[in-house]
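J.: Fold the following and give me the result.
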Amino acid sequence: MGILAPETGDEKVAINQQRAKRRRELARTMNNVRSKLGTPTGLHTTFDLERQHLFADTRINAAYAVPLLALIVAAISVLWVEPVSIGAWFAVVLCTHLLMVVTSHSYERAPSDQKVRSIWRLRFTIGELIYGCSWALFFILPLKNGAGEGFVIFQFAALLIVVAMNTMQAATLPKCLLVSTMPITLVVTISFLQKVDPIHYTLAAMAIGAQGFFLILGNQLLKNANTMLEYRADKDHLIAELETANAMSDEARRRAEAANMAKSRFLATMSHELRTPLNAILGFSEIMKDEVLGEMHNKTYRSYSEDIHGSGQHLLNLINEILDLSRIEAGRHELHEAPLLLDDVVEECGAMMKVRAKAKSISIYHAHEPNLPTVWADERALRQVVLNLLSNALKFTPVGGEVRIVVGPTAEGGQYVSIKDSGPGIPEDEIPTVLEAFGQGSHAIKSAEPGTGLGLSIVQALIGMHDGNFSLKSSPGNGTEVTVTLPRTRIMNYSPEVQWGPGNNKDIGAKSA
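T.: Residues are numbered from 1 along each chain as shown. Just a heads-up that it's a prediction; the model follows:
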């Protein structure tokens, strides 16, 4: 795997400038989206191009429907109108419709920079006017002798159908809607008003009312189209924001991975550079404080050597814990698993802590269930877990206190280790802080107890690698109880007869260390 090269100062400046430009563009897009529907009529809005596209697309989709309707009207009208006149009218309607379809196709194929020109709106308006006038010619065609009232009703029905069709096609462009329907309504109204029968006056009034209704309907369709376009613009803007956020997240992850690699390289390099002089400091200071080469007459120098040795040990432990946690977080800590008895590991760790417990007159009570089955685990890792927990318990237990260790099976078939001290406890609101890396409670800070705050983090990580669980219960004045649990899958030769867990302790053998 190649190592990512660090970015130069000029590259960082260029990246920041690109981010700022992208944020300005997104903000400008959002402002346009929010102000679309509030723009007064007559002003150019960002929806003009979208509405023109909808108009052209509707016209193209109706390329075959309009000639079919005109053909049906012409075929029925042969009953009242001369075939030659009807044929001529049908040819005019077909030509005007073909003109609109060709214009719409030209608009769709035009480049984006040409679509913004107002000439297209003018072409659509003039084309719709000619198209509407071609349909209006139908209502002034000469009739055959003896044409009755049936043709009048047919004309009114044709008026409603044609005006409704034009409303659906031209609703996204209000001017086109007006010029495509008004010629038809005016011709029909004037034609009906020239008759003397009351029925014609009634149909003329209904034609005017129908025109008003379809204009209102067209206005509502326009609002619906605007709303749809607004939602679409909002969706596109959100998609753009998500893509930007995703790109920034990828960049942040790349930087974090690069920083993590740099940290790993630093720790790998410094571990040797720090441990070598520390071993010399620890060795020479131990020789001085133990007076191996002769008595040290100045007691102050001897005290200094003891302080140097203690500080060196503390620093070495800190380096070891940081390196252990770094390896675990980087996924490079390998488990060397083998069958082992969990209680033996706990007993061995208790024996190692006897000196520290005796120095503070602390009693360690070890209780366990006999004949526990072996577990499949990493002995070194479990030893480190138990030692860290015991070290914390002894550290915060007052002089003359006690620490209780319980090892046993869980109700689910696993095994657990519980370590409870009689210390001051931890407030509930500080438990999350204690569980974090380098986190320390208020009591540890006030008492200035030596420690790095990495012990519990390492314990949680190692138990997690064993698919186990970690829990901490504490309250002020009641001490602290920490429990680590190995799952049933880690138990070898599992016996269902032994099933009990923390809180359900049987009368088991207990011994004091």
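
J.: Now do the buried residues in stretch 284-304.
T.: Within stretch 284-304, the residues that count as buried by 16 or more other Cβ atoms under 10 Å are S285, E286, M288, K289, M296, R302. C-beta coordinates here come from the backbone N, C-alpha and C atoms, glycine included.

J.: So the fourth one versus K358, what's the distance?
T.: Distance, K289 to K358, by Cβ to Cβ, to the nearest Å: 21 Å.

J.: can you list the weak-confidence ranges in the protein?
T.: In the predicted model of the chain, residues 1-46, 146-148, 264, 267-272, 324-333, 437-454, 493-513 satisfy pLDDT under 70.

J.: If you tally nearby residues, what's the number for G209?
T.: 10 (other Cβ atoms under 10 Å).

J.: how long is stretch 357-370 end to end?
T.: By Cα to Cα, to the nearest Å, the extent of stretch 357-370 from end to end equals 25 Å.

J.: for the chain, which helix is longest?
T.: helix 198-289 (DSSP state H).

J.: Output the contacting helices and strands for the next helix or strand after that helix.
T.: Using DSSP states H and E, the next helix or strand after helix 198-289 towards the C-terminus is helix 299-329. Helix 299-329 sits against helix 198-289, helix 455-465, with contacts defined as 3 or more Cβ pairs under 8 Å, 6 or more residues apart in numbering; DSSP states H and E.

J.: Buried residues in the shortest one, which are they?
T.: Okay, so that is helix 455-465. Buried, per 16+ other Cβ under 10 Å, within helix 455-465: G455, L456, S457, I458, V459, Q460, A461, L462, I463, M465.

J.: Quick check: V403 is in a helix.
T.: No: counting by DSSP: H, G, I helix; E, B strand; the rest coil, V403 falls outside a helix, being strand.

J.: give the contact list for it.
T.: Residues in contact with V403, defined by Cβ atoms under 8 Å, 6 or more residues apart in numbering, are 357, 362-365, 390, 393-394, 397, 419-422.

J.: wait, which of the residues you listed is closest to A245?
T.: I419 (45.1 Å; Cβ to Cβ).

J.: Kindly calculate the angle that the helix or strand hosting that closest one makes with helix 455-465.
T.: In this structure, I419 sits in strand 415-421 according to DSSP H and E. With axes from the mean of the first three to the mean of the last three Cα atoms, to 10 degrees defining the directions, strand 415-421 sits at 170 degrees from helix 455-465.

J.: CA atoms of strand 415-421 as PDB?
T.: Only the C-alpha atoms of strand 415-421 are listed here, as PDB (Å, rounded to 0.1, in the frame of the first residue of the first chain):
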ATOM      1  CA  GLN A 415     -17.500 -17.400  32.200                       C
ATOM      2  CA  TYR A 416     -16.900 -14.100  34.000                       C
ATOM      3  CA  VAL A 417     -14.400 -12.400  36.300                       C
ATOM      4  CA  SER A 418     -15.800  -9.900  38.800                       C
ATOM      5  CA  ILE A 419     -13.500  -7.500  40.800                       C
ATOM      6  CA  LYS A 420     -15.100  -5.400  43.400                       C
ATOM      7  CA  ASP A 421     -13.300  -2.900  45.700                       C
END
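
J.: contacting residues around it?
T.: Here strand 415-421 has contacts from 342, 346, 372, 375, 385-386, 389-390, 393-394, 396-397, 401-410, 479-486, 490-491, 501-502, using Cβ under 8 Å, 6+ apart.

J.: Inside strands: which ones of these?
T.: Counting by DSSP state E, the part of these found in strands is 375, 402-409, 480-486.

J.: How much space separates Y201 from A88?
T.: 30 Å.

J.: repeat for E402
T.: 114 Å.

J.: Looking at those two, which is more packed in?
T.: A count of neighbours by other Cβ under 10 Å puts E402 above the other of E402 and A88, at 17 against 13.

J.: pretty sure that one contacts S361?
T.: No: contact criterion Cβ atoms under 8 Å: E402 and S361 do not qualify, at 10.0 Å.

J.: how many other residues sit next to the closest residue in space to E481 that isn't next to it in sequence?
T.: Ranked by Cβ to Cβ, 6 or more residues apart in numbering and with sequence neighbours excluded, the top spatial neighbour of E481 is K420, at 4.0 Å. Neighbourhood size, K420 [other Cβ under 10 Å]: 21.

J.: same thing with S391?
T.: 17.

J.: thought it was touching V459?
T.: No: counting by Cβ under 8 Å, S391 does not reach V459; the two are 10.6 Å apart.

J.: buried set for stretch 228-238?
T.: For stretch 228-238, by 16+ other Cβ under 10 Å, it's L229, E230, A233, H237.

J.: hang on, I meant stretch 302-322
T.: Neighbour counts over stretch 302-322 (16+ other Cβ under 10 Å) mark R302, S305, I308, H309, G312, Q313, L316, N317, I319, N320, E321, I322 as buried.

J.: And these, which is closest to D113?
T.: Nearest to D113 among the buried residues of stretch 302-322: I322, at 60.9 Å, using Cβ to Cβ.

J.: picking that back up, in the buried residues of helix 455-465, find the pair that's most separated.
T.: Across the buried residues of helix 455-465, the longest distance by Cβ to Cβ is 16.1 Å; it joins G455 and M465.
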